[in-house]
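Novice: Sequence and computational prediction follow.
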Amino acid sequence: MQFLIIYSVSSLNLTNEYLSHKCFLNQGKYNSGSDYEDILNILFRRVRTDDYDITGFRYTSKETSPLDSSSVMLQCRGDSYGSNCRTCADTAVTGFLKRCPKNKGGIIWYEQCFLYVTSIDDPMRIPTNYKNTFSMYNPNNVRGDGKLFSKKAVDFFSELTLKVKKPAKYYRVIFYAAGEKKLGKNTLYAMVQCVELTLDCKNCLAWSITKLFENGNIKQGGRVLGMNCEIRYELYPFLRS
């Protein structure tokens, strides 16, 4: 089941602010001191100590038994990599252990990254899905013609989507594009991003763009986040240059 959480957001910065989480209760829990806990802690240490090059991405997995395995995936926002991404990774692991204690699976989002943990799905083979998505909006409505604003915003998102490149075989790339555009007296800032393992990036972004503007109540800022892709726009700068 898809879940939707709407927040009132007037200003966000470059900190690792907690956004949302979901514990996968259907995957069950592990016992303290179990082999599963030991394996998961190994995966978490890998995530916490990665160098995080420009892709800001880490995927790691390990079998806990012939019939059981654990996988952890972390993706940082396109402007957060290196030490910034590593700091968010550490925050995300700590937050997951606190909010989903002993859970074998779940997902947690922060301002600059999200962490996905699972015991039954291999993220390397997960197709695009929209089950774990949510939206956030600036509480203020756009002044003037909201329909015209949304049309121009959608057009700009489409321009950015075209800049997200298809990966070359055997080469790691960053599925991220951002920019700004003058709209009358305002400047629109926007970004689009897909997780490195997403199988259908552009369709995921197209779905998110439609989702963002479906309620007809056009806000001064908004975003849709999920485990496959993310989009966001604001009338103020929110990314590192």
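Specialist: The structure has been received and is ready for your questions.
Novice: D90 against R48, yeah?
Specialist: Yes - using C-beta atoms under 8 Å, D90 is in contact with R48, at 5.0 Å. Every residue, glycine included, has its C-beta placed from N, CA and C.
Novice: okay, and for this structure, where does confidence drop off?
Specialist: Within the chain, the segments meeting pLDDT under 70 span 1-14, 64, 66-67, 121-127, 165-174.
Novice: Could you list the domains of it?
Specialist: Using automatic domain parsing, the domain parsing of the chain gives 18-122, 134-234.
Novice: Out of these, flag the one nearest R240.
Specialist: domain 18-122 (4.1 Å; C-beta to C-beta).
Novice: Now do that closest one: distance to the chain's middle.
Specialist: 13 Å (C-alpha atoms, centre = their mean, to the nearest Å).
Novice: let's have the chain start at 109 instead
Specialist: Happy to do that; since the first residue is 109 now, the last one works out to domain 126-230.
Novice: I'd like to check what contacts stretch 313-333. Which residues are they?
Specialist: Outside stretch 313-333, the residues that touch it by C-beta atoms under 8 Å, 6 or more residues apart in numbering are 117, 127-128, 217, 222, 238, 241-250, 254-255, 257-258, 261-262, 265-266, 269, 272, 300, 302, 334, 337-344.
Novice: Can you give me the buried ones in that stretch?
Specialist: Buried positions in stretch 313-333, judged by neighbour count with 16 or more other C-beta atoms under 10 Å: 313-317, 319-321, 326-333.
Novice: Out of the domains of the chain, flag the one nearest S349.
Specialist: Nearest to S349, of the domains of the chain and by C-beta to C-beta, is domain 126-230 at 8.2 Å.
Novice: which residues are in contact with stretch 143-156?
Specialist: Stretch 143-156 is contacted from outside by 138-139, 166, 168-170, 172-173, 176, 178-180, 182, 194, 197-198, 200-201, 205, 210, 212, 223, 225, 227, using C-beta under 8 Å, 6+ apart.
Novice: Please read the previous query as pertaining to stretch 157-168.
Specialist: Looking at what lies outside stretch 157-168 - C-beta under 8 Å, 6+ apart - the contacts are 151, 154-155, 179-186, 188-191, 193-194, 197, 221, 231-232, 280-282, 303-305.
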